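[1] Sequence and computational prediction follow.
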Amino acid sequence: MADSLQLDGALSDDFKEGQGILFIGMEGEGDKAKFTVTDEAKAFLETLNAPLALASIVGRYRTGKSFLVNRMLLDVVGKGFMVGATVNSCTKGLWLWNRPIKCKARDGSEVNLLIIDTEGIGSLDADADHDAKIFALALLLSSYF
């Protein structure tokens, strides 16, 4: 795991101008389904300089993960990761905020923090195998979980 980051001293507010983009989506169904990184996410990731840190938000579906990230971490109102007012899940796959939050590591070096919002676990339209894959992807990608 990476050292802790200093978020209260974000080096700029540029990240607030970002938006959520599909990072890893699922193609196909059943046994033929596979997760793929989208072209938009690949293009974005290629523009970033190291070092990078990734923080994933994971939990049960319809429990406010996206809302929490939008309001508390990104501090954006009226935009941000998709939020809905129904019992159906809004987020499918893993979504990435397309502007890094520039932070400082304990040693004073600059780090680009990326936020990943995930599909909720336990939704009515996904099985336990799918949920386990979403959880594992988020965990394996993350520096902070």
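    Good, I have the coordinates. Fair warning: this is a prediction, and the values are worked out from it, not measured in the lab. Numbering: from 1, shown residues only.
[2] Spell out, range by range, the helices that occur in this protein.
    39-46, 65-68, 128-141 (DSSP state H).
[3] Report the buried residues of the second one.
    Spelled out, it's helix 65-68. With burial defined by 16 or more other Cβ atoms under 10 Å, the residues of helix 65-68 counted as buried are 65-66, 68. Where C-beta positions appear, they are placed from N, C-alpha and C, glycine not excepted.
[4] worst-scoring helix or strand of the chain, pLDDT-wise?
    strand 5-6 (a mean of 62; mean pLDDT, DSSP states H and E).
[5] residues contacting the residue nearest the centre of the chain?
    What sits nearest the mean C-alpha location of the chain, by Cα atoms, centre = their mean, is residue 116, with 0.9 Å. Going by Cβ atoms under 8 Å, 6 or more residues apart in numbering, residue 116 touches 23, 54-57, 94-97, 138, 141-142.
[6] Could you list the low-pLDDT ranges of this protein?
    Residue ranges of the chain with pLDDT under 70: 1-12, 72, 76-78, 83-91, 144-145.
[7] okay if I get the buried residues of helix 65-68 as TSV plus distance to residue 18?
    As requested, the buried residues of helix 65-68 are exported to TSV (distance: Cβ to Cβ, whole Å):
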residue	distance to residue 18
65	17
66	14
68	17
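[8] Identify, from those residues, the entry nearest to residue 44.
    Top of the list for closeness to residue 44, among the buried residues of helix 65-68 and by Cβ to Cβ, is residue 66 at 18.9 Å.
[9] any idea what sits nearest that closest one, other than its immediate chain neighbours?
    Spatial nearest neighbour of residue 66, chain neighbours left out: residue 81 (4.0 Å); criterion: Cβ to Cβ, 6 or more residues apart in numbering.
[10] how close does that neighbour get to residue 31?
    In this view, residue 81 and residue 31 are 30 Å apart by Cβ to Cβ, to the nearest Å.
[11] quick one, which of those two is more surrounded?
    A direct count of neighbours by other Cβ atoms under 10 Å for residue 81 and residue 31 places residue 81 higher, at 23 against 6.
[12] so that one touches residue 117, yeah?
    Yes: counting by Cβ atoms under 8 Å, a contact exists between residue 81 and residue 117, whose distance comes to 4.5 Å.
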